[in-house]
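[1] the amino acid sequence is not available; the structure is as follows:
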């Protein structure tokens, strides 16, 4: 599960994916387990939920390069594009509204496009978090 955003810019609308990952890590009781993984240039926490092993990932790159971290982590943990879930902001959704998107285009989102390019697939499931337009 990758929370897309601009690393080092906490609290900004475009880093909401990383904020969601922080909340998920707290709920899964692994918030103290974040560690820097230099192999994929990301903060990583491992968790288990409902019998599934999860890799939580917050890339340490700017949004338009998030895909490099996601693809590296997928290779390290032997995951295919269909195993990857992206959590990211969506300007076209009202603030706080969420939607699941199963594959398809990036719809103009640079972080998602970076993941599609790096993984050479658009198969990833996305959790789109509405941030609205300014």
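    The structure has been received and is ready for your questions. It should be emphasised that the depicted structure is a prediction, and the values quoted were computed from it without experimental measurement. Residues are numbered from 1 along each chain as shown.

[2] going forward, measure contacts and count neighbours with C-alpha atoms only.
    Noted.

[3] count of residues packed around residue 111?
    24 (other C-alpha atoms under 10 Å).

[4] ok now the one helix or strand it maps to, how far from the chain's centre?
    Assigned by DSSP states H and E, residue 111 falls within helix 110-119. Averaging C-alpha positions (C-alpha atoms, centre = their mean, to the nearest Å) puts helix 110-119 11 Å from its chain's average.

[5] what's stretch 75-95 in contact with?
    For stretch 75-95, the surrounding residues in contact (C-alpha atoms under 8 Å, 6 or more residues apart in numbering) are 1-5, 13-18, 20-21, 74, 109, 111-112, 119, 121-133.

[6] ok, how many other residues are close to residue 110?
    Count around residue 110 with other C-alpha under 10 Å applied: 18.

[7] can you pull the pLDDT of it?
    The model reports residue 110 with a pLDDT of 94.

[8] what does residue 129 give?
    Note on residue 129: pLDDT of 96.

[9] and for it, the neighbour number?
    Quick note: residue 129 (other C-alpha under 10 Å) scores 25 neighbours.

[10] list only buried entries from the contacts of stretch 75-95.
    Buried subset of the contacts of stretch 75-95 (neighbour count, 16 or more other C-alpha atoms under 10 Å): 1-5, 13-18, 20-21, 74, 111-112, 119, 121-131.

[11] ok, for residue 90, nearest residue in space, not its chain neighbours?
    residue 130 (4.8 Å; C-alpha to C-alpha, 6 or more residues apart in numbering).

[12] how much space between the one you found and residue 64?
    19 Å (C-alpha to C-alpha, to the nearest Å).

[13] just residue 50 next, same as before
    32 Å.

[14] the more surrounded of these two?
    When residue 50 and residue 64 are compared for neighbours, residue 64 comes out ahead with 17 against 5, by other C-alpha under 10 Å.

[15] right, and that one touches residue 108 too?
    No. Using C-alpha atoms under 8 Å, residue 64 is not in contact with residue 108; the gap is 11.2 Å.

[16] just confirm residue 29 is within a helix.
    No. Counting by DSSP: H, G, I helix; E, B strand; the rest coil, residue 29 is not found in a helix; it is coil.
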